[in-house]
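*Asks:* Below are the sequence and a predicted model for it; my questions follow.
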Amino acid sequence: MSEPSATDLRDGIWAATARLREAGVASADVDAVELAAFVLGVEVGEVRRLLVLGGRTLPSRYAGLVDERARRVPLQHLTGRAHFRHLTLSVGPGVFVPRPETEVLVDLALAEVDRVAAARPDAPVRVVDLCSGSGAIPLAIRHERPEAVVRGIELSTDALAWAVANRDRLGLDVELVAGDATRPCFPDWSGTVDVVTVNPPYIPTGAVPLDPEVRDHDPELALYGGSEDGLAIPLATARVAAGLLRPGGLVLLEHADSQGESLPGRLGRTGEWTDVTDHPDLSGRPRVTAARRAR
């Protein structure tokens, strides 16, 4: 994409949108505006205002970022940030970029935090997040329910570094530790946790993600579920959750839309869980399995 050193904001965004759409980027218009906001150092809303007013130009580096996005480098790697609920997280190579569909898991977790807090006002609600990645889930829960006590665990040292950096920058009191979420953890909280959240790797081994942003840039450790059906790691984290939760405590497991029946079915047959249900994401696709620790 060849442009002069500075180009009109409207023309630049229009050309970028066309270029990204041609490259197969589904959110071409959104990404073009987000990149403009990034290079101008303003919020997206301000870019849209400037589009109406006119008279503003884009710096030359905008064209280079559009070129990289057209090569399917993730938008979040180019801007160094990912928006998740009310937070802006720092992300980049080595960490899974949080997706909007995960927000339904947080909604379900917050509803449970509220339910427990109302029933037991004399003690703080305990939440553990397994496979914490960038810290999106535990940080969002702590941000929106500051009275909850939240811990998280992550295996990847790169991802954990991103999560700790996000926690410290945002000033949120969440304990984040290095460790394998498929093995027992937080022994001092064994049998006392109210909510366990998990967005585990769940892509079946041998399956290749279609989106280049996922296939070529998200770390494999965060993608593949360790078996042909993709459920080996999710089920292993569910076993860890069973050891952490108090009787009646809730586990919330994100999964692929193709696992909306298989994961609840497998959990229901273990004898460790009751009230196993599945919840759709905002697109109506199966996304989160909820289950209560058997009493």
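*Replies:* The structure has been received and is ready for your questions.
*Asks:* Any idea how many residues pack against residue 147?
*Replies:* Around residue 147 there are 10 other residues, counting by other Cβ atoms under 10 Å. Just so you know, the C-beta spots here come from the backbone N, C-alpha and C atoms, and that holds for glycine as well.
*Asks:* Tell me which residues touch the closest residue to it other than its chain neighbours, please.
*Replies:* Setting aside the residues directly before and after it, residue 147 is nearest to residue 124 in space (Cβ to Cβ, 6 or more residues apart in numbering), at 6.2 Å. Going by Cβ atoms under 8 Å, 6 or more residues apart in numbering, residue 124 touches 147-149.
*Asks:* For residue 33, state which of those residues is nearest.
*Replies:* Among the contacts of residue 124, residue 148 lies closest to residue 33 (Cβ to Cβ), at 34.6 Å.
*Asks:* And the nearest residue to the closest one once chain neighbours are set aside, its phi and psi?
*Replies:* Counting by Cβ to Cβ, 6+ apart, residue 148 lies nearest to residue 125, which is 4.7 Å off, once chain neighbours are set aside. The phi and psi values for residue 125, taken as degrees, to the nearest 10, are phi -80, psi 130.
*Asks:* And residue 125, how far from residue 147?
*Replies:* Taking Cβ to Cβ, to the nearest Å as the measure, residue 125 falls 7 Å from residue 147.
*Asks:* overlap in contacts of the two?
*Replies:* Taking Cβ under 8 Å, 6+ apart as the contact definition, residue 125 and residue 147 share the neighbouring residues residue 117.
*Asks:* Helices of the stretch 101-250 of the chain, start to end?
*Replies:* Assigned helices in the stretch 101-250 of the chain, in chain order: 103-119, 136-144, 157-170, 212-217, 232-244 (criterion: DSSP state H, counting those that start in this stretch).
*Asks:* Give me the contacts around the first one.
*Replies:* Contacts of helix 103-119 with the rest of the structure, by Cβ under 8 Å, 6+ apart, involve 84-85, 125, 127, 137, 140-141, 144-145, 147-148, 194-195, 197, 199, 250, 252, 254, 279-282, 287-288, 290.
*Asks:* Swap in 6 Å and give it another go.
*Replies:* Here helix 103-119 makes contact (Cβ atoms under 6 Å, 6 or more residues apart in numbering) with 85, 125, 140-141, 144-145, 148, 194-195, 197, 250, 252, 254, 281, 287-288.
*Asks:* quick one: that helix to chain centroid distance?
*Replies:* 17 Å (Cα atoms, centre = their mean, to the nearest Å).
*Asks:* Just want the angle from that helix to helix 136-144.
*Replies:* In this structure, helix 103-119 runs at an angle of 40 degrees to helix 136-144, with axes from the mean of the first three to the mean of the last three Cα atoms, to 10 degrees as the basis.
*Asks:* Quick check: mean pLDDT of helix 103-119?
*Replies:* Averaging pLDDT along helix 103-119 gives 97.
*Asks:* And for stretch 263-275?
*Replies:* Averaging pLDDT residue by residue across stretch 263-275 gives 94.
*Asks:* how much distance is there from it to the middle of the chain?
*Replies:* Mean C-alpha position of stretch 263-275 versus that of the full chain (Cα atoms, centre = their mean) differs by 25 Å.
*Asks:* and the end-to-end length of that stretch?
*Replies:* Criterion Cα to Cα, to the nearest Å; first-to-last residue distance in stretch 263-275 is 13 Å.
*Asks:* can you list contacts of it?
*Replies:* Under the criterion Cβ under 6 Å, 6+ apart, residues 242, 255, 276, 278, 289, 291-292, 294 lie in contact with stretch 263-275.
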